[in-house]
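>>> Next comes the sequence, and after it the predicted model I'd like to discuss.
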Amino acid sequence: MANVCHTRPMAVTEATGLPLTKENAETAGSPAPALMCRAALVWGVGMLGYILAVMQRTTFGVAGLDAADRFGISPAALSAFVFLQVAVYIAAQLPGGLLVDRYGARTVLVLGGLVLAAGQLLLAFAPALPLVVLARILVGAGDAVMFVAVLGLLPRWFAARRVPLVTQLTGILGQIGQILSAVPFLALLHASGWTTAFAAAAAASVLAAAVTLAVVRNGPRGTWTPSPSFTAREIGAQMLAVWRRPGTRLGFFGHMGTQFSMMVFSLLWGVPYLVSAQGLSSGQAGGLVTLFVVCAILIGPVIGVLTARHPLRRSWLVLGIIAANVTVWTAVLSLPGPAPRWLLVVLVIVLAAGGPGSVVGFDIARTSNPVPNLGVAQSIVNLGGFLASLLVLATMGVVLDALGGFGFEAFRIAWLVQYPVWLVAVIGIVVTRRKARRIDAARGVVPRPLRQVLGRSRSH
């Protein structure tokens with residue numbers, strides 16, 4: 001490795017807090033071609049469920065203006081529904097991780113898909129707000145477990161050296177769900193109406209659950225065993241032990257700083273902002289959402305390769321993405337009127353990098369924890385971005401409501417609530433990285449000076 005001294009490459013991780021575990025090392029070899037094909041099939045089917053989960057998560061956002069008209073709700077009330085959905089998502093994270101460790105990814109993927117379908121079907125026929133609330137609770141609960149379940153498959157089906165790249169591909173390809181909600185779902189909504197669109201979305205997740213049940217297995221034969229059952233006290237102790245590992249906390253704050261802005265944009269406020277404040281048509285806004293996903297797909301493998309090649313520099317990737325988000329949002333929000341189209345394109349590209357950037361946090365947690373704890377560790381990391389998203393979603397709704405709705409000036413002020421969250425995330429990254437590197441240094445894991453890394457890269 002170009003940036004490592006005093007240690008072997010496989011043992012190199014930034015902020016691990018643990019040496020490379022035996023369980024992680026067991027998958028480092030090259031699997032047989034037949035096993036590789038089987039692994040790709042299992043992962044692909046799991047991805048189908050996750051892609052549809054992202055679609056279900058974002059359908060209410062792209063239909064935000066339609067929902068406001070259908071149910072006669074204000075911006076604050078609209079954000080309250082998404083707030084509730086994300087709150088349920090957050091509440092289900094740690095139980096979801098424990099379920100993956102205890103019962104396996106296959107069972108969790110099937111149950112998650114069916115719960116998502118139930119929520120969307122209920123929303124399709126909901127005549128009043130109480131049922132809309134219940135529908136979004138179900139969507140949040142089903143969505144909460146899907147990503148962690150897919151990640152739970154990777155260490156058992158793929159060689160360890162491939163896991164960072166496959167993890168990135170999982171995160172970025174999942175965002176195809178946003179294209180499905182922004183283009184075909186939105187077109188079906190406007191062509192055939194609310195009930196048909198949401199019922200079709202529900203049917204898709206039922207189909208994915210059926211295929212998962214038929215194809216997905218938790219690991220190659222004999223490689224997966226459920227974690228033992230725990231008492232409530234033991235579960236609490238396990239979570240505390242995972243949180244105390246510096247790499248877990250570094251992943252948490254890294255996920256927080258990179259993910260929330262793109263999540264708030266894609267989950268609810270992006271399309272209304274582009275249409276109402278920036279003056280774009282619904283089709284043009286959908287085009288930018290599609291560009292967002294395409295850019296995430298292109299950026300993700302690059303970040304995945306950099307993550308695998310420079311594990312001691314992963315936090316620099318995260319900090320760079322945060323800096324880019326802050327810079328471009330500042331440029332957009334400082335304008336007295338709508339931004340030029342090219343600047344909106346730049347904004348979308350930078351936001352797109354936030355998705356792959358947040359996945360770096362999961363990779364840090366993966367190398368910080370033994371395999372039996374990965375479900376819990378990655379759920380903790382996932383909490384970082386979604387807690388921040390929840391806070392910003394709700395606060396923006398209150399600000400918009402106080403300033404009179406979906407106007408340009410109201411949106412410009414509402415987006416400012418992002419800045420304190422970025423500050424907290426950066427402080428958390430810097431502090432936990434310092435603690436983690438002290439532990440790594442005691443183990444003989446020391447990064448080379450950055451100028452040496454860059455010099456060697458140029459020489460190659």
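Yes, it's here.

>>> what's the helix or strand hosting residue 320 packed up against?
Secondary structure assigned from DSSP states H and E places residue 320 in helix 314-333. Taking 3 or more CB pairs under 8 Å, 6 or more residues apart in numbering; DSSP states H and E as contact, the helices and strands that helix 314-333 lies on are helix 246-264, helix 282-309, helix 341-366, helix 418-442. (C-beta placed from N, C-alpha, C; glycine too.)

>>> Let me have those helices in TSV, extended by mean neighbour count and mean pLDDT.
As requested, those are exported to TSV (neighbours: other CB atoms under 10 Å; pLDDT from 0 to 100):
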stretch	mean neighbour count	mean pLDDT
helix 246-264	29	90
helix 282-309	19	82
helix 341-366	24	89
helix 418-442	17	84
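
>>> CSV for those helices, including distance to residue 226?
Formatted as CSV, these follow (distance: least, CB to CB, whole Å):
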stretch, distance to residue 226
helix 246-264, 22
helix 282-309, 29
helix 341-366, 19
helix 418-442, 30
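
>>> Just tell me which of those ends up closest to residue 96.
For the helices and strands packed on helix 314-333, distance to residue 96 was read as CB to CB. The smallest value, 14.0 Å, belongs to helix 341-366.

>>> For that closest one, which helices and strands make contact with it?
Helix 341-366 is packed against helix 163-174, helix 246-264, helix 282-309, helix 314-333, helix 374-402, with contacts defined by 3+ CB pairs under 8 Å, 6+ apart.

>>> Now do it against helix 163-174, angle only.
Using axes from the mean of the first three to the mean of the last three CA atoms, to 10 degrees, the direction of helix 341-366 lies 140 degrees away from that of helix 163-174.

>>> so how far is helix 341-366 from its chain's centroid?
Its chain's average C-alpha position is 10 Å from that of helix 341-366, according to CA atoms, centre = their mean, to the nearest Å.

>>> Could you tell me the angle between that helix and helix 314-333?
Counting by the same axes, to 10 degrees, helix 341-366 points 160 degrees away from the direction of helix 314-333.

>>> still on that earlier bit, how about the helices and strands packed on helix 341-366 in TSV, adding distance to residue 60?
Below are those laid out as TSV (distance: least, CB to CB, whole Å):
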stretch	distance to residue 60
helix 163-174	17
helix 246-264	14
helix 282-309	14
helix 314-333	24
helix 374-402	12
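
>>> Out of those, which gets nearest to residue 114?
Smallest distance to residue 114 across those (CB to CB): 18.7 Å, for helix 163-174.

>>> Need the residues that contact the closest one.
Residues from elsewhere that reach helix 163-174 (CB atoms under 8 Å, 6 or more residues apart in numbering): 27, 43, 47, 50-51, 53-54, 147, 150-151, 154-155, 158, 296-297, 299-301, 303-305, 307-308, 355-356, 358-359, 362-363, 366.

>>> For residue 90, give me its contacts.
144, 383, 386, 387, 390.

>>> Run the chain-centre distance for the helix holding residue 320.
Averaging C-alpha positions (CA atoms, centre = their mean) puts helix 314-333 17 Å from its chain's average.

>>> Let me see the mean pLDDT of it.
On average, the pLDDT along helix 314-333 is 93.

>>> Next: stretch 382-392.
The predicted model assigns stretch 382-392 a mean pLDDT of 88.

>>> Likewise for stretch 152-165?
Mean pLDDT, stretch 152-165: 82.

>>> Which positions within it qualify as buried?
By neighbour count, and taking 16 or more other CB atoms under 10 Å as the criterion, the buried residues in stretch 152-165 are 152-160, 162-165.

>>> out of the contacts of residue 90, who's nearest residue 204?
Of all the contacts of residue 90, residue 144 has the smallest distance to residue 204: 18.5 Å, by CB to CB.

>>> before we move on, which element is the nearest residue to the closest one once chain neighbours are set aside in?
Distance criterion CB to CB, 6 or more residues apart in numbering; nearest residue to residue 144, sequence neighbours excluded, is residue 92 at 3.6 Å. In this assignment (DSSP H and E), residue 92 forms part of helix 75-103.

>>> which of the residues in the helix or strand following that helix are buried?
Toward the C-terminus, helix 75-103 is succeeded by helix 105-125 as the next helix or strand (DSSP H and E). For helix 105-125, the neighbour count (16+ other CB under 10 Å) marks 105-124 as buried.
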